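Peer 1: show me how the following folds:
(one chain, ligands or ions: 2)
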Amino acid sequence: MNNRVKELSTEILSDNWSILKKAIYQYQQNDGRWQTHVREAYDRGNGVAMLLYNKEQGTVILTRQFRLPTYVNGNEDGMLIEVCAGKLDSNNPEECAKREVEEETGFKITHIQKVMEAYTSPGSVTEMLYLFVAEYNAGMKVHAGGGVAHEQEEIEVLEVTLEQAMEMIVTGEIKDAKTIMLLQYAKLNQLMG
Ligand SMILES: Nc1nc2c(ncn2[C@@H]2O[C@H](COP(=O)(O)OP(=O)(O)O[C@H]3O[C@H](CO)[C@@H](O)[C@H](O)[C@@H]3O)[C@@H](O)[C@H]2O)c(=O)[nH]1
Ligand SMILES: [Mg+2]
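Peer 2: Ligands and ions are numbered 1, 2, ... in the order given. The predicted structure follows:
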């Protein structure tokens, strides 16, 4: 509840894959005057993202897939390296994260640790991400990964050292915000020991 917001009304501009709404409301400025604001918000739900790491090897698991929005915004081949991530399809982020990890990477994870929540693009997108880390090892690999074929997912699974991944941020090979956040979390908190 924010007493500086009143008369909020919304109109659906698009409800195709996700919902784009236009909101009109009165917002009270610092000087007390009320202004009419018009803002659009794209609602594709919330999400989960998970960095898998192996302490002994010093490695992490990343994914690589075609991301259309990056392709139309300067990413030459549209391929993007990311931590494993998925849409939150229940109110249990932990279970959802484990399921996404298994679908996309083939690792069946047991223990996961929530590290933070983050709004990913707060001026235009409603999405909040639940970010996790979890340890993995070769024994947890139950299939090749790659995503769900009927959802047209084609996900390459990469295993690199944390040091290589940190260097890929510097070179621009990694440009995804949630991925950079989780890699930096791993480094700052010395997850590799
Ligand atoms: N038909 C159709 N399919 C779509 C559309 N947008 C996405 N999809 C499909 O919907 C599926 C969603 O897969 P998930 O693994 O659940 O989600 P994600 O796309 O990886 O999203 C995750 O990462 C995003 C990027 O950082 C996050 O924004 C999101 O919250 C989530 O964490 C994918 O197969 C994708 O191709 C669309 O407009 N139309
Ligand atoms: Mg995904």
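
Peer 1: which positions in the chain make contact with ligand 1?
Peer 2: Counting by Cβ under 6 Å from any ligand atom, the chain comes close to ligand 1 at 17, 47-49, 85-87, 100, 127, 129, 151-153, 178. Any C-beta I mention is one placed from the backbone N, CA and C, and that applies to glycine too.

Peer 1: so stretch 76-83, near ligand 2 or not?
Peer 2: No - under the criterion of Cβ under 5 Å from the ion, stretch 76-83 makes no contact with ligand 2; the nearest approach is 7.8 Å.

Peer 1: please report how far residue 116 lies from ligand 1.
Peer 2: Using Cβ to the nearest ligand atom, to the nearest Å, residue 116 is found at 14 Å from ligand 1.

Peer 1: so that residue makes contact with residue 185?
Peer 2: Yes - with contact defined as Cβ atoms under 8 Å, residue 116 reaches residue 185; the gap is 7.4 Å.

Peer 1: out of the residues of the chain next to ligand 1, grab the one that's most surrounded.
Peer 2: residue 48 (27 neighbours; other Cβ atoms under 10 Å).

Peer 1: that one against residue 134, yeah?
Peer 2: No - contact between residue 48 and residue 134 fails when scored by Cβ under 8 Å: they sit 11.5 Å apart.

Peer 1: okay, and the residue of the chain at minimum distance from ligand 2 sits in which element?
Peer 2: Using Cβ to the ion, the closest approach of the chain to ligand 2 is made by residue 86 at 4.4 Å. Per DSSP states H and E: residue 86 is located in strand 84-87.

Peer 1: where does this protein come near ligand 2, residue by residue?
Peer 2: Within the chain, the positions near ligand 2 by Cβ under 5 Å from the ion are 85, 86.

Peer 1: which residue ranges form the helices in the chain?
Peer 2: 68-71, 93-105, 162-171, 177-188 (DSSP state H).

Peer 1: out of those, deepest packed?
Peer 2: Mean neighbours per residue, mean count of other Cβ atoms under 10 Å, is largest over those for helix 93-105, with a mean of 21.
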